[in-house]
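[1] Turn this into a structure:
(chains A and B)
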Amino acid sequence: MTAFEAAGLTRSYQLEGVTVDALRGVDLTIGDGEFAAILGPSGSGKSTLMHLLGCLDRPTSGVLKVGGVDVSTLDDTSLAELRNRMIGFVFQSFHLLARTSALDNVALPLVYRGVAKTERRSRARRALEAVGLAHRLDHRPSQMSGGEQQRVAIARALVGDPQVVLADEPTGNLDTRNGEEVMGLLERLNADQGVAIVLVTHEPEVANRARRQIHVRDGLIERDVA
Amino acid sequence: MRTAEAFRMALEALRVNRLRSALTMLGVIIGVSAVVILVAIGTGAKDAIEDEISGLGSNIILVVPGQLNFQAAPTQSRLDLSDVNYVRRVVGDPSRVTVSVQSGENIRVGRNEAFVTVVGTDENIRNVFERPLKRGRYLTETDIDTRRRVAVLGSEVSEQLFGDLDPVGRQATIAGVRFRVVGVYEKVGATFGVARDRETHIPVTTAQRLLGVERVNGIAIGASGPDVIDSLGQRVVDALTSRYPDEKFSAVTQTQLLGTIGTVLGMLTGVLAAIAGISLLVGGVGVSNIMLVSVRERTKEIGLRKALGARQRDVLGQFLIEAVLLTTIGGTIGIALGVGGSLLIETLSPVPASITLWSILLAFGVSAVVGVFFGVAPARRAGRLDPVVALRAE
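    Now for the predicted structure:
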């Protein structure tokens, strides 16, 4: 099975009356368990591509299948459910709920899946243990280092057993040591659990740790190196 | 998403912004407590007046000349004592009919002087009105028949003229004529601003001679039961109209008075409640405003929740519950303050206040509705946020 299958994907925006073509026809297939990096300078369209893959946005034209499902056939509610089931997000700025414990932050995706509280908490605890934060369950984001916060975010991405983790500049806000730790964690998850990882970055050394580099420029895939 | 979870999140959000939540609630609290207090005052006033009317006695019919409505000028009475006897025959039981001739006069005892309402009446007044005696005796049939110069004093008149002395058997001068006091009434209070304790009762025949009139001001009938009041009143009015075809007569019952007063005070209470309701509405606008600010502030959080799989209705529900919690918690506090305030007013001030269940339920219901009504717009805005835009927001 393939995680993502895109054909002729375009995305245009209207910016103050001017049409901006962020993606101009992308064909891309990412298989299960792959570890791919999407690279490109800012404005290249890599973020737009990630939003489309993450079902946060819809293509202007073209076909996008996520886990075999054509997203154009889904309404907003089904799209939210697909997101919840299939995709885990890791953001550059962590995006944790500030006044909420690590455990509850991690459990949040399960809330929207309708999982009962006790199960939510035990699954969240396991996910936090898997990222090495068993000792930080009740800590709030403000009580943790950047690296720890990003590991909480990774636990949150994993708690729902997604097919893919989309990581948008996951090391962008971290120092080298913490960035290294986060990358190691992603690699281990990919290797041990078979979760496909799609990494968006503009740093070549981060991208080089992936087994495949997809270079995006001017809304098109310029190079796809496996 | 489970509703319980949505409530927990909403409560958490309110707790985090404690001061802001409290200030937002304040509008609702003031509105709701104002509704409860003002309705309590309106209802209290109505109860007090209804008590006064019921305190007159039971099943009373007042027969007065002319047509009774609020626009008409009072009609000069042409009823006299023969008409009273005629009404007695119509009613069938003479002891249930009494009469009054009224005039404001000076009454003097030694150096003490008072201006009182002198009421010429008869021995049947005790059968029609609630007028318990404190001392001495009522007027008797013989007093009326022989035009005795005797008087029964209202409690306040007695106090003013005689102080602590027992007035029974003593002399008092009314409009220059000497009267003997034969009785003193118990204190009964005022009805419609008529100070009944400032009345002095003398035989109707004596009063007519004293005032130089033949007429009587009105006739009062005590019906034997509540169910015959209307028919008896009509019968008396018909009989008087057939005797004087050119004149009009009216029968006024306590029920009518209660109805009229009830309508007027009900309207007053409604107006008070409406004014308080406006402040509740203003409170609702405050809630709406704060919720919009909150949605803007938490745009990133909304984007994140959506990315993690929150559907539009999950986000909408979360913010709507937050708004409704703001107004219902505010409403509950407002009810507590309103009830407390009403009790305080009732105990510490002469203003009567009577708490009604309907005003409490209404105030609570309205605050919940205000929450939904004013929460919907911000909640919809939150629910419809585009996750990509929301996540990018700084």
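
[2] So which residues of the chain form helices?
    By default, I'm working from chain A. Assigned by DSSP state H, the helices in chain A fall at A:46-53, A:76-86, A:102-111, A:117-130, A:146-158, A:176-193, A:204-207.

[3] ah, no, chain B please
    Using DSSP H, helices in chain B cover B:3-16, B:18-55, B:81-91, B:125-128, B:141-145, B:155-162, B:204-211, B:229-243, B:254-297, B:299-307, B:312-348, B:357-384, B:387-392.

[4] any idea which residue sits dead centre in chain B?
    With distances taken as C-alpha atoms, centre = their mean, the residue of chain B nearest its centroid is B:Lys46 (1.0 Å).

[5] Check chain A too.
    Mean-position check on chain A, C-alpha atoms, centre = their mean. Result A:Leu166 at 1.6 Å.

[6] need the contact list for that one.
    The neighbours of A:Leu166, taking C-beta atoms under 8 Å, 6 or more residues apart in numbering or on different chains as the test, are A:Met50, A:Leu53, A:Gly54, A:Ile87, A:Gly88, A:Phe89, A:Val90, A:Val198, A:Val200. (C-beta placed from N, C-alpha, C; glycine too.)

[7] ok, now A:Val198?
    So A:Val198 contacts A:3-4, A:30, A:34, A:36-38, A:50, A:53, A:164-167 (C-beta under 8 Å, 6+ apart).

[8] switch to 6 Å and redo it
    Neighbouring residues of A:Val198 by C-beta atoms under 6 Å, 6 or more residues apart in numbering or on different chains: A:Ala36, A:Leu166.

[9] Mind pulling up the pLDDT for it?
    A:Val198 is assigned a pLDDT of 95 by the prediction.

[10] Give me the number of neighbouring residues for the closest residue to B:Asn112 other than its chain neighbours.
    Closest residue to B:Asn112 apart from its sequence neighbours, by C-beta to C-beta, 6 or more residues apart in numbering or on different chains: B:Leu161 at 4.9 Å. Neighbour count of B:Leu161, defined by other C-beta atoms under 10 Å in any protein chain shown: 22.

[11] these two touch, right, B:Leu161 and B:Glu113?
    No: the criterion here is C-beta atoms under 6 Å, and B:Leu161 misses it with B:Glu113 at 8.1 Å.

[12] Tell me how far B:Leu23 lies from B:Thr328.
    Applying C-beta to C-beta, to the nearest Å, the value for B:Leu23 to B:Thr328 is 17 Å.

[13] Between those two, point out the one with more neighbours.
    B:Thr328 (19 against 12).

[14] For that one, which residues are in contact?
    Each residue near B:Thr328 by C-beta under 6 Å, 6+ apart is listed here: B:Ser367, B:Ala368.

[15] pLDDT wise, what is it at?
    92.

[16] What count of nearby residues applies to the closest residue to chain A within chain B?
    Proximity of chain B to chain A (C-beta to the nearest C-beta) peaks at B:Gly309, 2.4 Å away. B:Gly309 has 25 neighbours, counted by other C-beta under 10 Å.

[17] in terms of contact, does it touch A:Leu82 like I think?
    No: between B:Gly309 and A:Leu82 there is no contact under C-beta under 6 Å: 8.5 Å.

[18] low pLDDT regions in the chain?
    By default, I'm working from chain A. Across chain A, nothing is flagged by pLDDT under 70.

[19] Sorry, I should have been clearer: chain B.
    For chain B, the ranges with pLDDT under 70 are B:1-2, B:67-76, B:191-193, B:394.

[20] Pull up the residues of it that are close to chain A.
    Counting by C-beta under 6 Å from any C-beta of the partner chain, the residues of chain B close to chain A are B:Met1, B:Glu5, B:Val16, B:Leu304, B:Ala307, B:Leu308, B:Gly309, B:Ala310, B:Arg311, B:Gln312, B:Pro387, B:Val388.

[21] would JSON lines of these with distance to B:Ser54 be doable?
    Shown next, in JSON lines, are those (distance: C-beta to C-beta, whole Å):
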{"residue": "B:Met1", "distance to B:Ser54": "57"}
{"residue": "B:Glu5", "distance to B:Ser54": "56"}
{"residue": "B:Val16", "distance to B:Ser54": "56"}
{"residue": "B:Leu304", "distance to B:Ser54": "66"}
{"residue": "B:Ala307", "distance to B:Ser54": "69"}
{"residue": "B:Leu308", "distance to B:Ser54": "67"}
{"residue": "B:Gly309", "distance to B:Ser54": "66"}
{"residue": "B:Ala310", "distance to B:Ser54": "62"}
{"residue": "B:Arg311", "distance to B:Ser54": "61"}
{"residue": "B:Gln312", "distance to B:Ser54": "59"}
{"residue": "B:Pro387", "distance to B:Ser54": "68"}
{"residue": "B:Val388", "distance to B:Ser54": "72"}
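
[22] of the residues you listed, buried ones?
    Buried by 16 or more other C-beta atoms under 10 Å in any protein chain shown: B:Met1, B:Glu5, B:Leu304, B:Ala307, B:Leu308, B:Gly309, B:Ala310, B:Arg311, B:Gln312, B:Pro387, B:Val388, out of those.

[23] Taking these together, which two end up most distant?
    Maximum pairwise distance in these, criterion C-beta to C-beta, is 25.3 Å, between B:Glu5 and B:Val388.

[24] Bridge partners for B:Arg108, pull those for me.
    For B:Arg108, the beta-bridge partners are B:Glu113, B:Thr173 (DSSP bridges).

[25] Around it, count how many other residues there are.
    Neighbours of B:Arg108 using other C-beta under 10 Å come to 16.

[26] and A:Ile197, how far is that from A:Glu148?
    From A:Ile197 to A:Glu148 the distance is 20 Å (C-beta to C-beta).

[27] neighbour-wise, which of the two wins?
    Neighbours per residue, other C-beta under 10 Å: of A:Ile197 and A:Glu148, the larger number sits with A:Ile197, 25 against 21.

[28] thinking again about what came up before, in space, what's closest to the residue nearest to the centre of chain B - neighbours in sequence excluded?
    Using C-beta to C-beta, 6+ apart and skipping the chain neighbours, the partner closest in space to B:Lys46 is B:Leu265 (4.0 Å).

[29] Please apply the same query to A:Cys55.
    According to C-beta to C-beta, 6+ apart, the nearest residue to A:Cys55 is A:Arg83 (4.7 Å).

[30] measure the one you found to B:Phe129 for me?
    Distance from A:Arg83 to B:Phe129, by C-beta to C-beta: 82 Å.

[31] Could you check which of the two has the larger neighbour count?
    A:Arg83 (27 against 18).

[32] can you count the residues close to the nearest residue to B:Arg126 once chain neighbours are set aside?
    Spatially, and ignoring its direct neighbours in sequence, B:Arg126 is nearest to B:Tyr138 (5.3 Å; C-beta to C-beta, 6+ apart). Using other C-beta under 10 Å, B:Tyr138 has 18 neighbouring residues.
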